[in-house]
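*Asks:* Need coordinates for the below:
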Amino acid sequence: MWYSRIVYGVGNEPLIPSREPYDYIVLLPVYNEALPLLTAGIQSIIDQNYFRERVTLHISFDSDERSKLYLDLVDWLNEHSSDVALYGGTDFVNPPHVNAETIFGVYQGVRVFVHKFPHGGKRSTQAQTFLHIEKQVQLDRLDRTILVLLDSDNFTYDNAFHNIASTFDRRPEKRALSGYMTCMSSGDNSSKFWNLIQDVEYLSGEMGRSFELMLGTVNCLPGGFTAVRLDVMEQSIPESNMTVAERYFGELPIDTLTDYHRCYLGEDRYLSHLLHQTLPRYSMGFCPAARAKTDPPPTLQALVRQRRRWFLGALSNEVYMLTDREIWSKFGFLCTFKTIQLAFRTNFFSQVVMSIFAFADVNSNPSSYIPLAISGGIPLLLNYLAALATAIKLGHSKVFLLQPVMLIVMTISQLFIDFHAVFTFTQRSWGGPRHAAQDDDETEGEGHATQQPTDADSRAAAAATAADQFSSVPMHEDTELIEVVGHPNASSVHQRLTPHEAA
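*Replies:* Below you'll find the predicted structure:
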């Protein structure tokens, strides 16, 4: 914790500005999201204390229907696109008789693409969006372009992009960064038990990434908030004729349950595994000064569904990781640590039995209390103090009282998660609070993950109509962009927002 705090900072305070600005491409998949939560997350991206003409946002729906959510979002974008007079905006035109796959506009100075793709899961939506991105990006700017992968239920703090750019600039060996995620637990959420418990869990769990850094790399770049230099996605994977992007966004095997869990449920860990293979030690980092908060599952049932997906995705990916000779040669200490951690995590019942015998021994032999208290109490105390120090810095005072409660509640919850994962292991379903109604459909046949494009040519053909309109558009020449799209009424878009002006 102290290592990452000293090297990378923590919280939302702005770091030293980068010497040269980066271009940002934000990829935001959307599926069955609540409109207020989605619009709040989008607005938090728009309101970043960063140069707005260097930010491009892709909002990608995992459904090709003109759903109520899709239409409501387009209406919201049109209603508020010109709210900030300094930047202006344009209309997002989508006539009903056209039903375009992609529409485009300028929202408060930021270029925004809204896509609709056939339902195929998160990674499939990312893949089809990436086809549009590849047609627009300037090849000579790949190393100065950052791809940000976000979830649609996230709220991004206003200095996140600024601090990511600063970290990449100050530490050029870093090629990918994990952001610092906590849960929404203030305001209306301050009285919600599961929000509070998971916020404390997230805050404590993120400290583990700092320890992983000292072992050579972070184990997982979270799908909810990850920043990757775009040129990394174009690097070739060792002993493969494919780039990282071609492999990750291509057609992956899901014939076996293990492959399904690995590639479909644990797509973020799968991407991390590819980067572990491709990049040298210390190339993947953790930026605790880039913060976002997510909307967590509101009930135990929803939590169990979500964690079942996390558990199966993590387990299947870490089996591959711990049997990969190349990763062991690069990250031997991390692999050793993960082996011990995985063994501990999957022996919940043994831990319960050992605890029962330990307390029984104390009752029959009170003198054994002292060594038991030392061996069990010191690690818990150190964990509590470390979490408390971070909580004070972030202003999460609730950790002081809820850390012990969280340890008990989440340990008991893990019992339900383990049982649910075992009894639903053969079900090909995503899970999660917004997918409950669709899971029955996803278990039919091979699952929706098979609906992704089969090769680069067919995917490019599907995206060509919309993407060709913008393929020659420079990343940050907004006046030319307006002429291409046909919206000459946003002449003020080229003005840039400096961090000082935004503050």
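
*Asks:* Could you tell me the average pLDDT over stretch 119-138, please?
*Replies:* Stretch 119-138 carries an average pLDDT of 87.

*Asks:* tell me which residues in it are buried?
*Replies:* 119-137 (16 or more other CB atoms under 10 Å). Placement of C-beta: from N, CA and C, glycine included.

*Asks:* Please list the members of those that lie in strands.
*Replies:* Per DSSP state E, strands hold no members of the buried residues of stretch 119-138.

*Asks:* Tell me which entries of these lie within helices.
*Replies:* 122-136 (DSSP state H).

*Asks:* from those residues, which is closest to residue 411?
*Replies:* residue 122 (29.0 Å; CB to CB).

*Asks:* if I look at the closest one, how far off is residue 356?
*Replies:* 41 Å (CB to CB, to the nearest Å).

*Asks:* Let me see the ranges of the helices in the stretch 151-300 of the chain.
*Replies:* Assigned by DSSP state H, counting those that start in this stretch, the stretch 151-300 of the chain shows helices spanning 160-170, 193-214, 230-233, 244-248, 257-260, 267-278, 300-321.

*Asks:* Of the ones you listed, give the one that comes closest to residue 76.
*Replies:* helix 160-170 (22.1 Å).

*Asks:* any idea how far that closest one is from the chain center?
*Replies:* Offset of helix 160-170 from its chain centre (CA atoms, centre = their mean, to the nearest Å): 17 Å.

*Asks:* Which parts of this structure are strands?
*Replies:* With DSSP E as the criterion, the chain has strands spanning 23-30, 55-61, 102-107, 110-116, 145-150, 154-156, 176-183, 225-229, 284-294.

*Asks:* Adding distance to residue 403 and mean pLDDT, write the ones you listed out as TSV.
*Replies:* As requested, the strands of the chain are exported to TSV (distance: least, CB to CB, whole Å; pLDDT from 0 to 100):
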stretch	distance to residue 403	mean pLDDT
strand 23-30	32	96
strand 55-61	36	96
strand 102-107	40	92
strand 110-116	39	94
strand 145-150	28	95
strand 154-156	23	95
strand 176-183	14	92
strand 225-229	23	96
strand 284-294	18	92
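
*Asks:* mind checking which of the ones you listed is nearest residue 162?
*Replies:* strand 284-294 (8.7 Å).

*Asks:* who does the closest one pair up with?
*Replies:* Strand 284-294 has the following strand partners under DSSP bridges: strand 154-156 (antiparallel), strand 176-183 (parallel).

*Asks:* Show residues contacting the first one.
*Replies:* Spelled out, that is strand 154-156. 40-41, 44-45, 48, 150, 181, 184, 224-225, 291-295 (CB atoms under 8 Å, 6 or more residues apart in numbering).

*Asks:* ok, how many other residues are close to the nearest residue to residue 416 once chain neighbours are set aside?
*Replies:* Nearest residue to residue 416 in three dimensions, chain neighbours excluded: residue 304, at 5.1 Å (CB to CB, 6 or more residues apart in numbering). Neighbourhood size, residue 304 [other CB atoms under 10 Å]: 22.

*Asks:* Just the pLDDT at residue 304, thanks.
*Replies:* For residue 304, the model assigns a pLDDT of 92.

*Asks:* from now on call the first residue 12
*Replies:* All set: I'll call the first residue 12, so the last point we hit is now residue 315.

*Asks:* Make sure it is actually in contact with residue 435.
*Replies:* No: using CB atoms under 8 Å, residue 315 is not in contact with residue 435; the gap is 9.9 Å.

*Asks:* ok, back up a step: tell me which of the ones in helices among the buried residues of stretch 130-149 is nearest to residue 26?
*Replies:* Among those, residue 144 lies closest to residue 26 (CB to CB), at 26.5 Å.

*Asks:* bridging residues for the closest residue to that closest one other than its chain neighbours?
*Replies:* Distances taken as CB to CB, 6+ apart put residue 36 closest to residue 144, at 5.6 Å, once the chain neighbours are dropped. Counting by DSSP bridges, residue 36 is bridged to residue 67, residue 158.

*Asks:* Residue 36 touches residue 56, doesn't it?
*Replies:* No: with contact defined as CB under 8 Å, residue 36 does not count as touching residue 56 (11.4 Å).

*Asks:* quick one: which of the two has more around it?
*Replies:* The residue with more neighbours, out of residue 36 and residue 56, is residue 56; 26 against 23, by other CB under 10 Å.

*Asks:* Can you tell me how far that one is from residue 196?
*Replies:* 21 Å.

*Asks:* and residue 50, how many neighbours does it have?
*Replies:* 16.

*Asks:* Leaving out sequence neighbours, find the closest residue to it.
*Replies:* Per CB to CB, 6+ apart, closest to residue 50 is residue 87, 5.5 Å.

*Asks:* Please work out how many residues are found near the one you found.
*Replies:* Count around residue 87 with other CB under 10 Å applied: 18.

*Asks:* Isn't it up against residue 51?
*Replies:* No: using CB under 8 Å, residue 87 is not in contact with residue 51, being 10.9 Å away.

*Asks:* who touches both of those two?
*Replies:* By CB under 8 Å, 6+ apart, no residue touches both residue 87 and residue 51.

*Asks:* one step back: in CSV: the helices of the stretch 162-311 of the chain, plus distance to residue 79.
*Replies:* Below are those laid out as CSV (distance: least, CB to CB, whole Å):
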stretch, distance to residue 79
helix 171-181, 30
helix 204-225, 26
helix 241-244, 34
helix 255-259, 32
helix 268-271, 31
helix 278-289, 27
helix 311-332, 22
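
*Asks:* out of those, nearest to residue 430?
*Replies:* helix 311-332 (8.8 Å).

*Asks:* gap between the residue nearest to residue 50 and residue 217?
*Replies:* 32 Å.

*Asks:* ok, now residue 243?
*Replies:* 23 Å.

*Asks:* just residue 145 next, same as before
*Replies:* 32 Å.

*Asks:* Could you give the number of residues near residue 376?
*Replies:* So residue 376, with other CB under 10 Å, has 9 neighbours.

*Asks:* contacting residues for it?
*Replies:* Residue 376 touches nothing, counting by CB under 8 Å, 6+ apart.

*Asks:* Residue 192 reaches residue 213, doesn't it?
*Replies:* Yes: the criterion here is CB under 8 Å, and residue 192 meets it with residue 213 at 6.0 Å.

*Asks:* how close does the residue lying closest to residue 437 once chain neighbours are set aside get to residue 126?
*Replies:* Nearest residue to residue 437, sequence neighbours excluded (CB to CB, 6+ apart): residue 268, at 6.3 Å. In this view, residue 268 and residue 126 are 30 Å apart by CB to CB.

*Asks:* which one of the two has more residues nearby?
*Replies:* Neighbour totals were compared for residue 268 and residue 126, and residue 126 leads with 25 against 14 (other CB under 10 Å).

*Asks:* Hmm, that one is touching residue 72, no?
*Replies:* Yes: counting by CB under 8 Å, residue 126 does reach residue 72; the two are 6.5 Å apart.

*Asks:* intersection of neighbour lists for those two?
*Replies:* Common neighbours of residue 126 and residue 72 (CB under 8 Å, 6+ apart) do not exist.

*Asks:* so the residue nearest to residue 437 sits right up against residue 438, yeah?
*Replies:* No: applying CB under 8 Å as the test, residue 268 and residue 438 come out as separate, 9.2 Å apart.

*Asks:* what sits in contact with each of these two?
*Replies:* Common contacts of residue 268 and residue 438 (CB under 8 Å, 6+ apart): none found.

*Asks:* circling back to that earlier point, now the strands of the chain as TSV including distance to residue 333?
*Replies:* Below are the strands of the chain laid out as TSV (distance: least, CB to CB, whole Å):
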stretch	distance to residue 333
strand 34-41	29
strand 66-72	33
strand 113-118	41
strand 121-127	37
strand 156-161	25
strand 165-167	30
strand 187-194	20
strand 236-240	22
strand 295-305	17
